[in-house]
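Undergrad: Sequence and predicted structure, then a few things I'm wondering about:
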Amino acid sequence: MTGDASTVRNVVVVGGGTAGWMTASYLNAAFGDRVSITVVESAQIGTIGVGEATFSDIRHFFDFLGLPEREWMPECNATYKLAVRFQDWREPGHHFYHPFEQLRSVKGFPLTDWWLRYKPNERFDIACFVMAALIDGGRSPRHLDGRLIEQEFVEADGVPSTIAEYQGAQFPYAYHFEAHLLAKYLTRYSTLRGVRHVTDNVVDVGLDERGWITHVDTAEHGRIAGDLFVDCTGFRGLLINKALAEPFVSYQDSLPNNSAVALQVPMDMDKDPLRPCTTATAQEAGWIWTIPLLSRIGTGYVYASDYLEPDQAERTLREFVGPAGANATANHIKMRIGRSNRSWVNNCVAIGLSSGFVEPLESTGIFFIHYAIEQLVKYYPAADWNPSLRDGYNDSVRHVQDGVREFLVLHYKAAKRDDNAYWRDAKTRVMPDGLAERLEQWRSKVPDAGSTYARYHGLPPYSYNCILLGMGGIDVAPSPALELLDEKAALTEFHQIRDKAQALLRVLPTQNEYFRRMRNEA
Ligand SMILES: Cc1cc2nc3c(=O)[nH]c(=O)nc-3n(C[C@H](O)[C@H](O)[C@H](O)COP(=O)(O)OP(=O)(O)OC[C@H]3O[C@@H](n4cnc5c(N)ncnc54)[C@H](O)[C@@H]3O)c2cc1C
Ligand SMILES: N[C@H](Cc1c[nH]c2cc(Cl)ccc12)C(=O)O
């Protein structure tokens, strides 16, 4: 160890799920041996065991750790995710994509606005994005030689960045991976670099007279003292909510889904096509996720227990999956929806499910973790524990969670489906502050930076455009100005998108072909 005693040197991470190991590995990569890190994880209390789809921003995490795709992807059975496919949210048989592709604009108006005016294709996503056709065609975003799809994006080789710093073009894909394999991989990564790993149960949390954590007591390894304690204990919130009694702010008034049942379904990548997207299929009381991995399909029914019993949810999921899942064991999960009022209290920072969780729609859990870790480094305290750093951290983390909540509520409000009480109630349920007003604005002007949740929350305005136009339950009118503008450039843009998609379909391999090559080269 080097340096003086004016900074916080001794970090104890409690919990060894995705959050615990992402935190330990990132802090280690950031601070090296200037900060000593211990991870305490229980062998008895399992991890949540789901969490397989990501934001594209996650590449900054792997870059920061110096991990290229060819190293970590095969270890985690990872595949590419080019979009979320929303199936049956408007009506049975309908689908649309929310892709990783920047929305073009023409004469200062987003292409979605022009689509509303001219409807050059029945589906806005096919007309406005190259990706839609590529996903329908099962394509990889990379050529067999590893070159990235011909997008505006230029890969910056070996320059680690952070989510917040990155100002470049939209990266064209995210990943699906087995979360428990990633946690294992990061355990090896971290321990090889000096992170101490204690497998034990934390049975008590020691507080001083001010309510600051002095140590945790373990069942078999005694007392572990630290300066900063990171609570990665999942929905339990062992440090933040239990020991420090920080209140939990529920989002259930606007997001009723609070349960899930998951199955791991075997698949054979030599036979079954790997769809390069996460699919969210609307159901009677929620939706089912389908996530193709190299090893299996991850699937689960996310539902509201006020509307559906767990055994019925499991039956529906099994019917949906068919015979391939007959031998799979169901994992029933209760979800705590909302956030800890403050994620940083005294010398404890909650990261992961202990900090907050909306629901799995749009795969924001791992993004929350990644963002929180980057913020922790940015606001890392000195020995004086300046409260401004804590407050800055809490403010940015809270807004990411509240902003994402608003984005998810939009999905249910905007879904045309209203065939039962669950979907009808979604239209009348209380909305987070400000959303009702924004929805009104969006009826006459598609969402832009000035009319979406004002603080950084990870989602760009084009994502709101996709959900609003794709879900089909809210009428949106084109900007009146488009009547007065020459439409030629917009129509040319639509043609170019179609031509580019056709050209790419001719040369890009399928995901199966791409990963077979990666597997054979490993
Ligand atoms: C149904 C569902 C689907 C999801 N899908 C996605 C997705 O597709 N994409 C996405 O980004 N996110 C998803 N998430 C969220 C994602 O799973 C989590 O954000 C992620 O796994 C992080 O979990 P965690 O590490 O905070 O908690 P956990 O995985 O629950 O880990 C908690 C850890 O704390 C330890 N622990 C608890 N108590 C003690 C104790 N007393 N002593 C010692 N150790 C203790 C446990 O042993 C464990 O290691 C999903 C979540 C759910 C519920
Ligand atoms: N930070 C962004 C968020 C984002 C942009 N486009 C999409 C599409 C989907 Cl399906 C999820 C998130 C986002 C990023 O991850 O690139």
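TA: Received it, and whenever you're ready, just let me know what you need. Ligands and ions are numbered 1, 2, ... in the order given.
Undergrad: switch to C-alpha atoms for all contacts and neighbour counts from now on
TA: OK.
Undergrad: From ligand 1, how far out is residue 393?
TA: From residue 393 across to ligand 1, the span is 18 Å (Cα to the nearest ligand atom, to the nearest Å).
Undergrad: contacting residues for that residue?
TA: Residues counted as contacts of residue 393 (Cα atoms under 8 Å, 6 or more residues apart in numbering) are 344, 375, 376, 379.
Undergrad: what's the answer for residue 303, then?
TA: By Cα under 8 Å, 6+ apart, residue 303 lies in contact with 256, 257, 258, 259, 260, 285, 286, 287, 313.
Undergrad: what does residue 479 give?
TA: When the contact criterion is Cα under 8 Å, 6+ apart, the partners of residue 479 are 113, 444, 445.
Undergrad: Was I right to think the first one contacts residue 481?
TA: Just to be clear, that refers to residue 113. No. Residue 113 is beyond contact range of residue 481, at 10.3 Å (criterion: Cα atoms under 8 Å).
Undergrad: Who has more neighbours out of those two?
TA: Neighbour comparison, residue 113 and residue 481: the larger count goes to residue 113, with 24 against 8 (by other Cα atoms under 10 Å).
Undergrad: Assign the residue nearest to that one when sequence neighbours are not counted to helix, strand or coil.
TA: Spatial nearest neighbour of residue 113, chain neighbours left out: residue 478 (5.3 Å); criterion: Cα to Cα, 6 or more residues apart in numbering. Under DSSP: H, G, I helix; E, B strand; the rest coil, the three-state class of residue 478 is coil.
Undergrad: ok, now which ones touch residue 478?
TA: Contacts here follow Cα under 8 Å, 6+ apart; on that basis residue 478 touches 113, 114, 116, 117, 444, 445, 446.
Undergrad: tally of neighbours for residue 521?
TA: Summarising burial for residue 521: neighbours were counted as other Cα under 10 Å, giving 8.
Undergrad: likewise residue 307?
TA: For residue 307, the tally of surrounding residues (other Cα under 10 Å) stands at 13.
Undergrad: so it is in which element?
TA: Element membership of residue 307, judged by DSSP states H and E, is empty: it is in no helix or strand.
Undergrad: quick one on the thing from earlier: what's the closest of the contacts of residue 303 to ligand 1?
TA: The nearest member of the contacts of residue 303 to ligand 1, counting by Cα to the nearest ligand atom, is residue 260 at 5.1 Å.
Undergrad: those strands in the stretch 1-150 of the chain, which residues are they?
TA: In order along the chain, the stretch 1-150 of the chain carries the following strands (DSSP state E, counting those that start in this stretch): 10-14, 36-41, 79-81, 83-87, 95-99, 105-106, 109-110.
Undergrad: which residues are contacting the fifth one?
TA: Identification of contacts with strand 95-99 by Cα under 8 Å, 6+ apart yields 82-89, 123, 125, 129, 131-132, 172, 463, 466-467, 470.
Undergrad: ok, now the third one?
TA: Among residues not part of strand 79-81, those counted as contacts by Cα under 8 Å, 6+ apart are 53, 73, 140-141, 173-177, 276-278, 292-294, 511, 515.
Undergrad: buried subset of those?
TA: 53, 73, 140-141, 173-177, 276-278, 292-294, 511, 515 (16 or more other Cα atoms under 10 Å).
Undergrad: ok, back up a step: distance to ligand 1 added to the strands of the stretch 1-150 of the chain, as TSV?
TA: Written out in TSV, the entries for the strands of the stretch 1-150 of the chain read as follows (distance: least, Cα to the nearest ligand atom, whole Å):
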stretch	distance to ligand 1
strand 10-14	6
strand 36-41	4
strand 79-81	11
strand 83-87	11
strand 95-99	15
strand 105-106	30
strand 109-110	28
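Undergrad: Now do the contacts for the closest residue to residue 35 other than its chain neighbours.
TA: Distance criterion Cα to Cα, 6+ apart; nearest residue to residue 35, sequence neighbours excluded, is residue 9 at 4.5 Å. Each residue near residue 9 by Cα under 8 Å, 6+ apart is listed here: 34, 35, 36, 227.
Undergrad: By neighbour count, which of these wins?
TA: residue 36 (20 neighbours).
Undergrad: from what I can see that one touches residue 8, true?
TA: No. Assessed by Cα under 8 Å, residue 36 is found out of contact with residue 8, at 9.5 Å.
Undergrad: which SS class is residue 291?
TA: Classification of residue 291 by three-state DSSP places it in strand.
Undergrad: Next, the contact list for it, please.
TA: When the contact criterion is Cα under 8 Å, 6+ apart, the partners of residue 291 are 52, 53, 176, 277, 278, 279, 297, 298, 299.
Undergrad: Ligand 1 versus the residue minimising distance to the centre of the chain, what's the distance?
TA: In the chain, the C-alpha nearest the mean C-alpha coordinate belongs to residue 364, at 2.5 Å (Cα atoms, centre = their mean). For residue 364, the distance to ligand 1 under the criterion Cα to the nearest ligand atom works out to 5 Å.
Undergrad: now swap in residue 456 and tell me
TA: 18 Å.
Undergrad: show me what contacts that residue?
TA: Applying Cα under 8 Å, 6+ apart, one finds that residue 456 lies in contact with 396, 399, 400, 403.
Undergrad: Okay, it and ligand 2: tell me how far apart.
TA: Distance of residue 456 to ligand 2, computed by Cα to the nearest ligand atom: 10 Å.
Undergrad: Please, where are all the helices along the stretch 401-522 of the chain?
TA: Along the stretch 401-522 of the chain, counting by DSSP state H, counting those that start in this stretch, helices occupy 421-428, 435-444, 461-471, 488-507, 511-521.
Undergrad: Extract the CA atoms of the longest one and return them as CSV.
TA: As requested, the backbone C-alpha atoms of helix 488-507 are provided in CSV (Å, rounded to 0.1, in the frame of the first residue of the first chain):
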residue,chain,number,x,y,z
LYS,A,488,-37.4,14.6,-50.5
ALA,A,489,-34.5,14.3,-48.1
ALA,A,490,-36.6,12.3,-45.6
LEU,A,491,-37.8,9.9,-48.3
THR,A,492,-34.2,9.5,-49.5
GLU,A,493,-33.2,8.6,-45.9
PHE,A,494,-35.9,5.9,-45.7
HIS,A,495,-34.6,4.5,-49.0
GLN,A,496,-31.1,4.5,-47.8
ILE,A,497,-32.0,2.7,-44.7
ARG,A,498,-33.8,0.0,-46.7
ASP,A,499,-30.8,-0.3,-49.1
LYS,A,500,-28.3,-0.5,-46.3
ALA,A,501,-30.3,-3.2,-44.5
GLN,A,502,-30.5,-5.2,-47.7
ALA,A,503,-26.8,-4.8,-48.4
LEU,A,504,-25.9,-5.8,-44.8
LEU,A,505,-28.2,-8.8,-44.9
ARG,A,506,-26.2,-10.1,-47.9
VAL,A,507,-22.8,-10.0,-46.1
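Undergrad: And it, what does it pack against?
TA: Using 3 or more Cα pairs under 8 Å, 6 or more residues apart in numbering; DSSP states H and E as the contact criterion, the secondary-structure elements in contact with helix 488-507 are helix 124-128, helix 131-136.
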